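[1] Sequence below, structure please.
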Amino acid sequence: MNPIPWLGLAFVLAVVTTFALARVAERFGRRMGVLDVPRAGEVQRWSAPRTGGYAMLGGLWLALVVAYLLRDQFLIDPEVGPGWNPVDDLRVVGLVLGSVCIVPLAVLDDKRRLGPLPQLCGQLLIAAIPVAFGLRVNSIAQPFGDPIDLPVWLDIPISIVWFMGMMNAINWVDVMDGLAGGVAFGGAMVLFARAYLFTEYSVALFPLALAGVCLGFLGRNRPPATIFMGSSGSLLLGFGLAGSGILGGAKLGTAILVLGVPILDAAWVILRRLTRGARPTIGGDREHLPMKLHDLGLSTGQTVLLLYFVSAVLGVLGLSLHTPPEAPSFEKLYALVAMVLVLLVVLAAVTVAVTRRRRATH
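    All right, here's what the predicted structure looks like:
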């Protein structure tokens, strides 16, 4: 069994294919007029095609198909047999089918700019597909004893909320060139490394291919971006990260830790909007952390690099505390609590500073 060439091939294929298809998607988007134009409350300064997500989907699908076709040549041990779990294969099929269903929702959004309710309905249907294929949060690990098994009537809604929450968290953080792709790249690499450390090589394939897609797209999306991922790309990244977090055994603690910035930022923005009596899904109010950092004087590049750094630190922390999914350590629990508290304090401090700055300039 030699998984490294197999995984490396999938990663390289995802990077190269996505990078090449992004150029095609850019030309297609301009030709079809599928452009994202600058709007009030955004840092975007010029129009760009928002068709990059279709290139990302193509890169992911091709990498997965080729890798699974070649898997028998790399992941079969002569003495032990196949180095994968057929149940996980079925769950990956659910992930792939769910990603296919992103396309019609994204096409409709590109044409009509769907409102929050139609988007949530579409996300619900997308999330239900992998859940129906068995990709669910069946239990919640805790450091005080055995994992807490969840009944079906509870694990299904929790799993759907997990998928939908991650899709929206990544979608909302996609407000600056290269930000969502870079944060998702870090999260996918951490989830890949965790699966690899526990010799779940077939499970590690999906997050690694997703990381390759992010890296390939960043070649076109880094500041100043020539193409945006659009809803198809942000939904794919959130959906893929959510699936990677529970594929091969729930790793919610690691996923929440490494993706703490977009998750807590989304929760903070929802809370802020609700306290003002506004709809949680309304945009253009510059409530998201990247926008506030920009308002405090950081450039787009500086904001993106800062959030990359924070996500990288959280990712390294998550890997340094890696334990079997069924037996998380107290250290990981402490790290999660500390991460939540620190980020909430930072969000509150930045909010206060931005509010004072805005009042002083008006």
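[2] Quick check: pLDDT value at Ser320.
    In this model, Ser320 is scored at 75, pLDDT.
[3] Burial check on it, number of neighbours?
    10 (other Cβ atoms under 10 Å). No exception for glycine: its C-beta is placed from N, CA and C like everyone else's.
[4] again, but for Arg279
    Arg279: 11 surrounding residues under other Cβ under 10 Å.
[5] I'd assumed Gly115 was in contact with it.
    No. Under the criterion of Cβ atoms under 8 Å, Arg279 makes no contact with Gly115, lying 10.4 Å away.
[6] all helices for the stretch 1-150 of the chain, in order.
    Secondary structure of the stretch 1-150 of the chain (DSSP state H, counting those that start in this stretch): helices at 3-32, 52-70, 86-100, 102-112, 116-132.
[7] Now the first one: average pLDDT?
    Think helix 3-32. Confidence over helix 3-32 (mean pLDDT, whole number) is 94.
[8] and the angle from that helix to helix 52-70?
    Counting by axes from the mean of the first three to the mean of the last three Cα atoms, to 10 degrees, helix 3-32 points 150 degrees away from the direction of helix 52-70.
[9] tell me which strands and helices helix 3-32 is in contact with?
    Secondary-structure packing of helix 3-32 (3 or more Cβ pairs under 8 Å, 6 or more residues apart in numbering; DSSP states H and E): strand 48-49, helix 52-70, helix 201-221.
[10] separation between Leu343 and Val12?
    Distance, Leu343 to Val12, using Cβ to Cβ, to the nearest Å: 34 Å.
[11] Which of those two has more residues huddled nearby?
    Of the pair Leu343 and Val12, Leu343 is the one with more neighbours under other Cβ under 10 Å, namely 20 against 14.
[12] can you pull the contacts of that one?
    By Cβ atoms under 8 Å, 6 or more residues apart in numbering, the contact set of Leu343 is 260-261, 264.
[13] most neighbours per residue, which of the helices of the stretch 1-150 of the chain?
    Comparing the helices of the stretch 1-150 of the chain by mean neighbour count (mean count of other Cβ atoms under 10 Å), helix 52-70 ranks first with a mean of 22.
[14] how far is that helix from where the chain is centred?
    Averaging C-alpha positions (Cα atoms, centre = their mean, to the nearest Å) puts helix 52-70 16 Å from its chain's average.
[15] Ok, stretch 192-212 next?
    In terms of Cα atoms, centre = their mean, the centre of stretch 192-212 is found 15 Å from the chain centre.
[16] Stretch 19-37 now?
    How far stretch 19-37 lies from its chain's middle: 22 Å, per Cα atoms, centre = their mean.
[17] Can I get stretch 206-215 as CSV, trimmed to CA atoms?
    Extracted in CSV, the C-alpha atoms of stretch 206-215 (Å, rounded to 0.1, in the frame of the first residue of the first chain):
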residue,chain,number,x,y,z
PHE,A,206,-11.8,14.4,-0.5
PRO,A,207,-10.4,17.2,1.7
LEU,A,208,-7.1,17.0,-0.1
ALA,A,209,-8.8,17.3,-3.5
LEU,A,210,-10.9,20.2,-2.1
ALA,A,211,-7.6,21.9,-1.0
GLY,A,212,-6.2,21.4,-4.5
VAL,A,213,-9.3,23.1,-5.9
CYS,A,214,-8.8,26.1,-3.6
LEU,A,215,-5.1,26.4,-4.4
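[18] got the contact list for that stretch?
    Counting by Cβ under 8 Å, 6+ apart, 7, 10-15, 18, 56, 59-60, 63-64, 67, 92, 95, 181-182, 184-185, 188-189, 191-192, 195, 236-237, 240-241, 243-244, 247 sit against stretch 206-215.
[19] got the contact list for the nearest residue to Tyr196 once chain neighbours are set aside?
    Spatial nearest neighbour of Tyr196, chain neighbours left out: Ala204 (4.6 Å); criterion: Cβ to Cβ, 6 or more residues apart in numbering. Residues in contact with Ala204 (Cβ under 8 Å, 6+ apart) are 3, 7, 192, 195-196.
[20] same thing with Ile126?
    Contacts for Ile126 (Cβ under 8 Å, 6+ apart) come out as 98, 101-102, 105, 163, 167, 235, 239.
[21] can you do 10 Å?
    Taking Cβ atoms under 10 Å, 6 or more residues apart in numbering, we find Ile126 in contact with 97-102, 104-105, 160, 163-164, 167, 235-236, 239.
[22] Please apply the same query to Ala10.
    By Cβ under 10 Å, 6+ apart, Ala10 lies in contact with 60, 62-68, 70-71, 204-206, 208-209, 212.
[23] Which stretches in the stretch 151-300 of the chain count as helices?
    Along the stretch 151-300 of the chain, counting by DSSP H, counting those that start in this stretch, helices occupy 152-173, 179-197, 201-221, 230-246, 252-258, 260-275, 289-295, 300-320.
[24] Arrange these in CSV, one row each, with distance to Ala348 as further columns.
    Shown next, in CSV, are the helices of the stretch 151-300 of the chain (distance: least, Cβ to Cβ, whole Å):
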stretch, distance to Ala348
helix 152-173, 18
helix 179-197, 21
helix 201-221, 30
helix 230-246, 25
helix 252-258, 20
helix 260-275, 8
helix 289-295, 11
helix 300-320, 16
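[25] Figure out which of those helices is closest to Met339.
    Minimum separation from Met339 across these (Cβ to Cβ) falls at helix 260-275, 5.0 Å.
[26] mean confidence score for that closest one?
    The model assigns helix 260-275 a mean pLDDT of 87.
[27] go on, stretch 82-95?
    pLDDT averaged over stretch 82-95 gives 86.
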